[in-house]
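1. no sequence for this one, just the structure:
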């Protein structure tokens, strides 16, 4: 017995069966306006009620049963619809380029330099998308002060970014951990050189000028990468335009903290040759900026046996960074159209990011009653290079295929010091004994903040006072002696070679089937936590050792005071601003002959090799899905994706035993495989031409981080209990069942109001765990990542993008963009405590107030991210969880048209000088408080040819 609405299932069955008869006509073409191609335009054949939309390059493919004179209607937001009558013959028909004109209302605001063209593209793509997604177009990115890929995406509803010394460098969707968001380049997972072994990609190496579109998918479809519990962020690089263009920009600026200048420039050229068959796009960008920060960092004695003393202070450090960052990017896009049904393309990318930062660290060490001064010269380098070759082919009126092969490579590395065969981060450590003691210790002899102290002694973090009994006993270069030299090794490399093939079959005018295969081979190597360590023999008490060298005896340079030292804190801390050694002096200290002369012994931990690994990961994926026009208003997308993963990692195992202790290193190899079957269903109901309701169920997953799978193992038999630290090859992926319900209404005068709810249920969330156990009469403590807990996440989001053109006169140029996301989650990393998911903020909010009229554009943007837990101490509980505090930054930009082709612009970042705050348990218990100032620039954009 069939109950309910019989019409829909009967219609679907009939549609599928009708595919046997099929139809044999295809209409292909492109849609554009006077300024270029139009993605997301709608093409409709009224007689057969068949329709489609243009892709990101403005191209479309419309299947029809009809022949002879066929009318089609082409429409696009803000443009006059265009009706054409085509003479359709059997086979593939070329409609050529269809050009639309802006409506009279749009024509009043469609002025070069405004956000209107980019908003039209973004809204049109979103409106016609099968997935639940948001979109940003390149010209919108270029009109906000967002200089890299992470900063470009921070304005999107439901997206949060991580900031590193004032610049966004990573992004996540809907509050999930950063590794749970899939970062894609042109639809394929971007390799990650994250030094911590995480799979999340660091995006500060990618200049925003290299990007044509950003697609943020919150509910994916089966043809997308499946390791995306949070969602996916797809960065689409520039492709060739419909007609010749040449534009450039140049700007100079200033950083209020470093008191230094910045500059950036870009050049974009695109053209078509050989009767428009060959398209070329070349883009290049450079961004060079001086920067600096002050960071007050506190370490606590969380490892003490007495719980009452675990919140006492181990060290308090005043750290200054003062350096420069250089971002270089080049992008090439080529495409060749052989004929209406065959096209190939080539994309190439070369990005380089240099982070050069001398670091000056002044410690007060309360446990050892001493000062410590570190100088390190950090020259971190990140490269991202790659290329992709692909094609699109209409094999018959019914069958279309596309294919691509790509090779992307990323590396994070250091090449210092040049004087030593070992490369990494060189650090020189000087120490000075405090003989007079401290006057702000509690009765138990420990230093606390006043709110943690047993007797209320200790003060507060931002009014930090070292508490020296002898006020004259300050850091002294003649008493600070060189006692340790370290080279911290941090290299990470990852390369992805990918091949994919997709088929699309038009079964009939109601049903399209898609299927595809994808194979990715990943090579990865990592080195983290490995350090080459040299100690001064005299500091170890070796007889007749060379005397310790005071800082004052070495080649030194002036401390970079610039605008002051830790002016964000109360009091004067200039006594900690010690003139450092020069860069060359630091490098010379690591020279082999100098090490021998100064009596430095190599005491590198024998367990170092356990922190080094290399290996491969192979992923074979396939999907099948159907796009079904169930009724004139309801579209169904249903299908399944399967991803099978195998990996092998090679590393080392260390065993320490005996008296004296001896460490033995042996090779270790681990391998495993797992499968992910991912069903998905999307429903899109078109209430009217301006309103959609969407619902989706998707199953997604995330792979374990490489750092948790590594074969590295360290067994220290000299400790009681015996300490074992190792990777876990048996980790299972984390899976999620995702449910989404969204509504969207598109205003006629360019804009959108949207909102919805979402729920995620996760299984096998991974945390680092500590386990005590017995084996053969001995006690062990094992530290290892494990699948500990299940979790859930619930949230809602709402947003509006509205031009206030109903206001009179000049006020009609005003507009607002507002979006808010609330997210709540729960995870139980231990049997006792619950908390939110790592990196998840309960509240995300973006606000943009803009004005656009008569060639003037001004935008004031605010970005708010609520507090988020960053690290979870499964052993000690919530009082020892580390949190990043709420953060609200304000940016601004303005553009004025000087002529039709020339614009002057101003960009300002972090106008309120918002600091970055990290705390442990209690918001008052600071672990890091960082100030990095504001920055701004002014420049010109010149459309030389457009």
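-> It's in. It should be emphasised that the depicted structure is a prediction, and the values quoted were computed from it without experimental measurement.
2. drop to CA atoms for contacts and neighbour counts, all remaining ones
-> Will do.
3. any idea where the strands of the stretch 451-600 of the chain begin and end?
-> Remark: strands assigned in the stretch 451-600 of the chain by DSSP state E, counting those that start in this stretch are 481-489, 492-506, 511-527, 530-536, 600-602.
4. Identify whichever of these lies nearest to residue 255.
-> With CA to CA, the closest approach to residue 255 among those belongs to strand 481-489: 29.6 Å.
5. quick one: average pLDDT of the closest one?
-> Mean per-residue pLDDT for strand 481-489: 94.
6. What are the contacting residues of it?
-> 414, 422-432, 527-536, 539, 548-551, 590 (CA atoms under 8 Å, 6 or more residues apart in numbering).
7. Please list the members of the residues you listed that lie in helices.
-> With DSSP state H as the criterion, helices contain none of the contacts of strand 481-489.
8. among the residues you listed, which ones are buried?
-> The neighbour-count test (16 or more other CA atoms under 10 Å) marks 414, 422-432, 527-528, 530-536, 539, 548-551, 590 as buried among the contacts of strand 481-489.
9. who does whichever strand or helix holds residue 249 pair up with?
-> Following DSSP states H and E, one finds residue 249 within strand 245-255. Paired neighbours of strand 245-255 in the sheet (DSSP bridges): strand 260-273 (antiparallel), strand 935-945 (antiparallel).
10. out of those strands, nearest to residue 836?
-> strand 935-945 (33.5 Å).
11. Now do the buried residues in the closest one.
-> 935-943.
12. got TSV for those, with pLDDT too?
-> Output for these, formatted as TSV (pLDDT from 0 to 100):
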residue	pLDDT
935	91
936	92
937	92
938	95
939	94
940	94
941	91
942	92
943	89
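13. want to try TSV for those, with distance to residue 775 as columns?
-> Formatted as TSV, these follow (distance: CA to CA, whole Å):
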residue	distance to residue 775
935	59
936	62
937	64
938	67
939	69
940	71
941	70
942	73
943	73
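14. For the stretch 101-250 of the chain, which segments count as helices?
-> 104-109, 116-128, 138-141, 149-153 (DSSP state H, counting those that start in this stretch).
15. Check which helices and strands the last one sits against.
-> Here helix 149-153 is seen to pack against strand 159-164, strand 167-173 when contacts are counted using 3 or more CA pairs under 8 Å, 6 or more residues apart in numbering; DSSP states H and E.
16. pLDDT averaged over it - what is it?
-> So the average pLDDT for helix 149-153 ends up being 76.
17. can you list contacts of that helix?
-> Helix 149-153 is contacted from outside by 136, 141, 146, 159, 161, 167-171, 203-204, 206-208, 211, 214, using CA under 8 Å, 6+ apart.
18. For stretch 696-706, the averaged confidence score.
-> Mean predicted lDDT for stretch 696-706 stands at 95.
19. now it, how far from the chain's geometric center?
-> The gap between where stretch 696-706 is centred and where its chain is centred comes out at 17 Å by CA atoms, centre = their mean, to the nearest Å.
20. what's the answer for stretch 921-932, then?
-> Using CA atoms, centre = their mean, the offset of stretch 921-932 from its chain centre is 23 Å.
21. Surely residue 605 forms part of a helix?
-> No. Counting by DSSP: H, G, I helix; E, B strand; the rest coil, one finds residue 605 to be coil, located in no helix.
22. and the gap between it and residue 530?
-> According to CA to CA, to the nearest Å, residue 605 and residue 530 sit 8 Å apart.
23. Show me how far stretch 158-166 is from its chain's centre.
-> 8 Å.
24. ok, now how distant is the closest residue to residue 455 other than its chain neighbours from residue 761?
-> Spatial nearest neighbour of residue 455, excluding adjacent residues (CA to CA, 6 or more residues apart in numbering): residue 442 at 6.4 Å. Distance of residue 442 to residue 761, computed by CA to CA: 47 Å.
25. Where does pLDDT dip in the protein?
-> 1-24, 104-115, 138-147, 716-720, 774, 831 (pLDDT under 70).
26. how about the helices in it?
-> Using DSSP H, the helices of the chain run over residues 7-18, 104-109, 116-128, 138-141, 149-153, 583-589, 592-597, 706-709.
27. quick one: contacts for the residue nearest the centre of the chain?
-> In the chain, the residue lying closest to the centroid (CA atoms, centre = their mean) is residue 170, at 2.6 Å. Going by CA under 8 Å, 6+ apart, residue 170 touches 150, 161-163, 178, 200-204.
28. The same query, at a cut-off of 10 Å, please.
-> Shown in contact with residue 170 (CA atoms under 10 Å, 6 or more residues apart in numbering): 149-151, 153-154, 160-164, 178-179, 183, 200-204.
29. quick one: stretch 900-917 to chain centroid distance?
-> Centroid displacement of stretch 900-917 relative to its chain, using CA atoms, centre = their mean, is 21 Å.
30. Flag every buried residue along that stretch.
-> Buried residues in stretch 900-917 (16+ other CA under 10 Å): 902-910, 913-917.
31. And stretch 410-417, by the same measure?
-> Quick answer for stretch 410-417 (16+ other CA under 10 Å): 410-417.
32. Throw those residues into JSON lines and include distance to residue 561, thanks.
-> Output for the buried residues of stretch 410-417, formatted as JSON lines (distance: CA to CA, whole Å):
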{"residue": "410", "distance to residue 561": "36"}
{"residue": "411", "distance to residue 561": "33"}
{"residue": "412", "distance to residue 561": "30"}
{"residue": "413", "distance to residue 561": "29"}
{"residue": "414", "distance to residue 561": "27"}
{"residue": "415", "distance to residue 561": "28"}
{"residue": "416", "distance to residue 561": "25"}
{"residue": "417", "distance to residue 561": "26"}
